[in-house]
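Student: Sequence first, predicted model second:
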Amino acid sequence: MTFQPKLVALDIDGTLVDWSGNLPKGVVDAVQRVVAADIPVVLATGRNWYGVEPVFDLLQLPPSWAVVSNGAAVVEYPPLEVHQEHAFDPSEAISEITKLAPDVLIAVEQIGRGWRVSKPFPADELVGTIKVETIPELMSRPVSRVVLRDPACNEDIFGQLAKKLGMIGVSYSVGWSCWIDIAPDG
C-alpha cells in the first residue's frame, strides 16, 4: 500500500523560500508534482496575505486555501476571499505599549488590505498597502495582529517589553529583529 496524503500544508519562510527570499526551481517542481497528483496544497504562514500572494503565484497553484498571519485568517485565492478572520480589540495592547515604549513603531494588520501604522516602518518590512494613522485611529477597530518594531532597540530590552505587556487573551512572539507580533489567542 502506498501512502497518499489528502492534503499538503506548507510553510513559506525557511521551507519553500530560503532566508534570502529565493524560491528554488526544485521546490516549485516538487510542489507542482504534488498538484499534478491531485493533492490539495495549502500555504500556512506567519506572512500576511500580501506576502503570500506572490509565492502562491510563483508556485502556480490552482485555486486553493491559505492560512495567513499566523493563523489569524483563512483565505481562498484566486480571487481573494477571506473566509475566516480572528480579530481582537487592540486598544488595551496599544495603550500599554505607548506607556512602556512611546517611540516604538506600531502597525495593525487588516487582512487582505494591508497595514495601518503609527509611523513609517523600515523599507520592505511590511508588505501591502500602508497608511499612517494616529494612535487613537490604530486603536479604533478590531485587528488581526499588532506589530511592534524598534529598529534601534536592544533585543534584551525588547524582550523585557514583551514580558511587561503581560496581556490576557492575546499571544505574542519576539522575532529576530526587535519585532513583536501580538495576535488573538487561538
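Tutor: Cool, got the structure. Numbering: from 1, shown residues only.

Student: Now the element after the helix or strand bottoming out on mean pLDDT in the chain, going C-ward?
Tutor: Every helix and strand in the chain was compared by mean pLDDT, DSSP states H and E; the lowest is strand 170-174, with a mean of 53. Counting by DSSP states H and E, the next helix or strand C-terminal to strand 170-174 is strand 179-184.

Student: Against which helices or strands is that following strand packed?
Tutor: Applying 3 or more Cβ pairs under 8 Å, 6 or more residues apart in numbering; DSSP states H and E, we find strand 179-184 packed against strand 145-149, helix 155-165, strand 170-174. Where you see a C-beta, it was placed from the backbone N, CA and C, and this is true even at glycine.

Student: what's the offset of the second one from the middle of its chain?
Tutor: What that stands for is helix 155-165. How far helix 155-165 lies from its chain's middle: 20 Å, per Cα atoms, centre = their mean, to the nearest Å.

Student: what comes up buried for it?
Tutor: For helix 155-165, burial by neighbour count (16 or more other Cβ atoms under 10 Å) applies to 158, 161-162, 165.

Student: try the first one
Tutor: Buried positions in strand 145-149, judged by neighbour count with 16+ other Cβ under 10 Å: 145-149.
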